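S.K.: need a structure here:
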Amino acid sequence: QVQLAESGGGLVQAGGSLRLSCAASGRTFRIYTTGWFRQAPGKEREFVAGIRWSGGSTYGDSVKGRFTISRDNAPNTVYLYLNSLEPEDTAVYYCATGSLTWPSSREEEYAYWGQGTQVTVSS
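M.R.: Residues are numbered from 1 along each chain as shown. The predicted structure follows:
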């Protein structure tokens, strides 16, 4: 079993930056692909970025070149760096893990989810 806790969301102006953190409990976390998804009001949940246990990463088309995902296996944390933020990036951002596939951009591939953290970008 893995539990996830996101942090780092907030209100930022367009063009600004944020760092989201996803802290995980459970030793098996290290073998999984971990991803970030986001959901804006009235929209479906969208894949943002994923990182493999070995460090390889993949990104959704809308964030390529602006967001960076990284992981630190000690202490079991995955980060999402959000740069050049746009109002369209406003959403609840969710961390998810438990996927044993790569690349892994579909919600159903992830077994464990955090509660989400709100990111709001003002124009």
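S.K.: C-alpha only now, for contacts and for neighbours.
M.R.: Fine.
S.K.: how about the strands in the protein?
M.R.: 3-7, 10-13, 18-25, 33-39, 46-51, 57-59, 67-72, 77-82, 91-99, 112-113, 117-122 (DSSP state E).
S.K.: for residue 106, which of those strands is the nearest?
M.R.: strand 46-51 (7.2 Å; CA to CA).
S.K.: tell me what that closest one is packed against?
M.R.: Using 3 or more CA pairs under 8 Å, 6 or more residues apart in numbering; DSSP states H and E, the elements in contact with strand 46-51 are strand 33-39, strand 57-59, strand 67-72.
S.K.: enumerate every residue touching the spatially most central residue of the chain.
M.R.: Most central in the chain under CA atoms, centre = their mean is residue 36, positioned 2.3 Å from the mean C-alpha point. The contact partners of residue 36, by CA atoms under 8 Å, 6 or more residues apart in numbering, come to 47-50, 80, 93-96.
S.K.: so which of the residues you listed would you say is closest to residue 115?
M.R.: Proximity of the contacts of residue 36 to residue 115, judged by CA to CA, is greatest for residue 94, which lies at 6.7 Å.
S.K.: what pLDDT does the closest one get?
M.R.: pLDDT recorded at residue 94 is 98.
S.K.: residues in contact with residue 30?
M.R.: So residue 30 contacts 53, 73, 76 (CA under 8 Å, 6+ apart).
S.K.: how about those in JSON lines, adding distance to residue 117 and neighbour count?
M.R.: Supplementary listing: the contacts of residue 30 in JSON lines, determined by distance: CA to CA, whole Å; neighbours: other CA atoms under 10 Å:
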{"residue": "53", "distance to residue 117": "23", "neighbour count": "17"}
{"residue": "73", "distance to residue 117": "21", "neighbour count": "14"}
{"residue": "76", "distance to residue 117": "18", "neighbour count": "17"}
